[in-house]
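>>> Here you go, sequence then predicted model.
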Amino acid sequence: MALVLHSSPNKNAFKALIAAEYCGVKIEMVKEFQMGVSNKTPEFIKMNPLGKIPVLETPEGAIFESNAIARYVVRSSADSSLYGSSLIDYGQIEQWMDFSATEIDASIAGWLYPRLGYRLYLPPAEEAAIASLKRALGALNTHLASNTYLVGHAVTIADIVMTCNLSIGFQGVMTKTFTSEFPHVERYFWTLINQPNFKKVLGDVKQAESVPPVASKKPAPKEAAKPKAKEEPKKVAKKEEPKPKEVEAEEEEAPKPKAKNALDLLPPSKMVLDDWKRLYSNTKTNFREVAVKGFWDMYDPEGYSLWFCEYKYNDENTVSFVTLNKVGGFLQRMDLARKYAFGKMLVIGTEAPFKVKGLWLFRGTEIPQFVMDECYDMELYHWTKVDINDEAQKERASQMIEDAEPFEGEGLLDAKCFK
């Protein structure tokens, strides 16, 4: 029989499903699983006496506890690298899985669940949970400052468990204001959440915009509806009359999908971004004479703006592949601006610490607000508008477009283009 997962869609079930995507293991989700009903049946209680989810049904027997299920899935694939390649890898992976459960998950639950009404809300307990979470995220942030993943140079089961546990916090209670204290955790989370195997299971993840209010403790008493029973016929008659209003509301909402980005409403520009991107991509020789000169001929300072950027924490770029992954993740998350932007990112230096600097072309005379709001990486860089009347700045921009080397006296480790 195939592996069968008994659960509703939640972060604990997602651990096994993401691991299965990496390992090529087939898992079937029980269809129409209903929490409070399906997990109370004699068949389910036989698999897990506590009636908790998830439960994995295997040919050899049932397994409960989400981390144990994820471990089983990983070990069921002989070729999986999700447990590392050495004994120390294995030990550190187990270490971070425990840390994720006892420090991250427990603290998020202590903050979020009382607000949702799943536990008794006590302000002192919430303060303690938030303090504990900040301490744990601080430790995690320090580790990720010099590591792309928790262990080694690739995704492991520890990253799967950590990301799933973080996801409920990011989506439920950890706003951008809160997580901005931990930039390396942010980078790590959004990088992993956008990996194909994660995205296939988790879908699009949106960060909480506000902390949810504390759930009401006193639901409306059912008995209060009894005196109104005699007037029910009148209410039914009244409810049938306003139906046209519902149609009107639908008609008013219909135009919403047609809403345009504010940049689409700007006056037309003589610069056609796609023409520049095409020229950049197709120029193979005499790049300075053809592409760079063509850029300045096309550039419209009234319709576009140029910006230098420099990573704020270059002194932390001590590992080459980690630095390259930071830049790659940034460009990946900038995909939302592809229609309105062009960028060059340079990783400078032949020895650590490496410097990350870039040049960006944006539609409009300022950096688009939706980019600042949606791409958290923007806050990790210093941004300076290019003064094209300053020949030195103009030449610097030309060198960045060209990937000129040496750049500012140093060699290039890598140069990446966003187009």
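Perfect, I can see it now. What you see is a predicted model, and the numbers here were worked out from it, not measured in a lab.
>>> tell me the pLDDT at the closest residue to residue 283 other than its chain neighbours?
Distances taken as Cβ to Cβ, 6 or more residues apart in numbering place residue 291 nearest to residue 283, at 4.0 Å, with adjacent residues excluded. (C-beta placed from N, C-alpha, C; glycine too.) Residue 291 is assigned 94 on the pLDDT scale.
>>> what secondary structure does residue 291 sit in?
Look at residue 291: counting by DSSP: H, G, I helix; E, B strand; the rest coil, its state is helix.
>>> same check, this time on residue 57
Applying three-state DSSP: residue 57 is strand.
>>> need the contact list for the closest residue to it other than its chain neighbours.
Once flanking residues are discounted, residue 57 sits nearest to residue 4: 4.1 Å by Cβ to Cβ, 6+ apart. Taking Cβ atoms under 8 Å, 6 or more residues apart in numbering as the contact definition, residue 4 lies against 27, 28, 29, 30, 56, 57.
>>> What residues are bridge-paired with residue 4?
Counting by DSSP bridges, residue 4 is bridged to residue 28, residue 57.
>>> Next one, pLDDT for it please.
At residue 4, the model reports a pLDDT of 95.
>>> which outside residues touch the lengthiest helix in the chain?
In the chain, with assignment by DSSP state H, the single longest helix is helix 123-144. Taking contacts as Cβ under 8 Å, 6+ apart, the residues outside helix 123-144 that touch it are 99, 103-104, 106-111, 114-115, 150, 162, 169, 179, 181-185, 187-188.
>>> just stretch 65-72 next, same as before
With contact meaning Cβ under 8 Å, 6+ apart, stretch 65-72 is reached by 5, 12-13, 15-16, 19, 54-56, 58, 63, 97, 101, 157, 160-161.
>>> what residue ranges in the stretch 51-200 of the chain are flagged as low confidence?
Of all residues in the stretch 51-200 of the chain, none has pLDDT under 70.
>>> Now do the strands in it.
All strands of the stretch 51-200 of the chain, identified by DSSP state E, counting those that start in this stretch, fall at 55-58, 61-64.
>>> Distance to residue 34 and mean neighbour count for those - can I get that in CSV?
Listed next are those as CSV, based on distance: least, Cβ to Cβ, whole Å; neighbours: other Cβ atoms under 10 Å:
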stretch, distance to residue 34, mean neighbour count
strand 55-58, 14, 20
strand 61-64, 18, 15
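>>> so which of those comes closest to residue 360?
strand 55-58 (46.9 Å; Cβ to Cβ).
>>> Dump that closest one to CSV, restricted to CA.
What follows is strand 55-58 as a C-alpha-only set of coordinates in CSV (Å, rounded to 0.1, in the frame of the first residue of the first chain):
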residue,chain,number,x,y,z
VAL,A,55,-0.8,10.3,11.3
LEU,A,56,1.1,8.4,8.6
GLU,A,57,-0.3,5.0,7.7
THR,A,58,2.5,2.7,6.3
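>>> I'd like the distance from that strand to the chain centre, please.
29 Å (Cα atoms, centre = their mean, to the nearest Å).
>>> what do you get for stretch 160-168?
Worked out by Cα atoms, centre = their mean, stretch 160-168 lies 11 Å from the chain centre.
>>> and if you look at stretch 93-109?
Put simply, stretch 93-109 sits 19 Å off its chain's centre (Cα atoms, centre = their mean).
>>> Kindly export it (C-alpha atoms) in PDB.
Extracted C-alpha coordinates of stretch 93-109, given in PDB (Å, rounded to 0.1, in the frame of the first residue of the first chain):
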ATOM      1  CA  ILE A  93      20.300  18.300  11.800                       C
ATOM      2  CA  GLU A  94      18.700  16.700  14.800                       C
ATOM      3  CA  GLN A  95      19.900  19.600  16.900                       C
ATOM      4  CA  TRP A  96      18.100  22.200  14.700                       C
ATOM      5  CA  MET A  97      15.000  20.100  14.500                       C
ATOM      6  CA  ASP A  98      14.800  20.000  18.300                       C
ATOM      7  CA  PHE A  99      15.600  23.800  18.400                       C
ATOM      8  CA  SER A 100      12.800  24.400  16.000                       C
ATOM      9  CA  ALA A 101      10.300  22.500  18.100                       C
ATOM     10  CA  THR A 102      11.200  23.700  21.600                       C
ATOM     11  CA  GLU A 103      12.400  27.200  20.900                       C
ATOM     12  CA  ILE A 104      10.600  28.500  17.700                       C
ATOM     13  CA  ASP A 105       7.400  26.500  17.400                       C
ATOM     14  CA  ALA A 106       6.600  26.600  21.100                       C
ATOM     15  CA  SER A 107       7.200  30.300  21.400                       C
ATOM     16  CA  ILE A 108       5.100  31.100  18.300                       C
ATOM     17  CA  ALA A 109       2.300  29.000  19.600                       C
END
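>>> I would like the residues contacting that stretch, please.
Counting by Cβ under 8 Å, 6+ apart, 67, 83-84, 129-130, 132-133, 135-137, 139-140, 150-151, 156-158, 161-162, 165-166, 168-169, 172-174 sit against stretch 93-109.
>>> which one of the contacts of stretch 65-72 is nearest residue 335?
Nearest to residue 335 among the contacts of stretch 65-72, with distances taken as Cβ to Cβ, is residue 160, at 23.3 Å.
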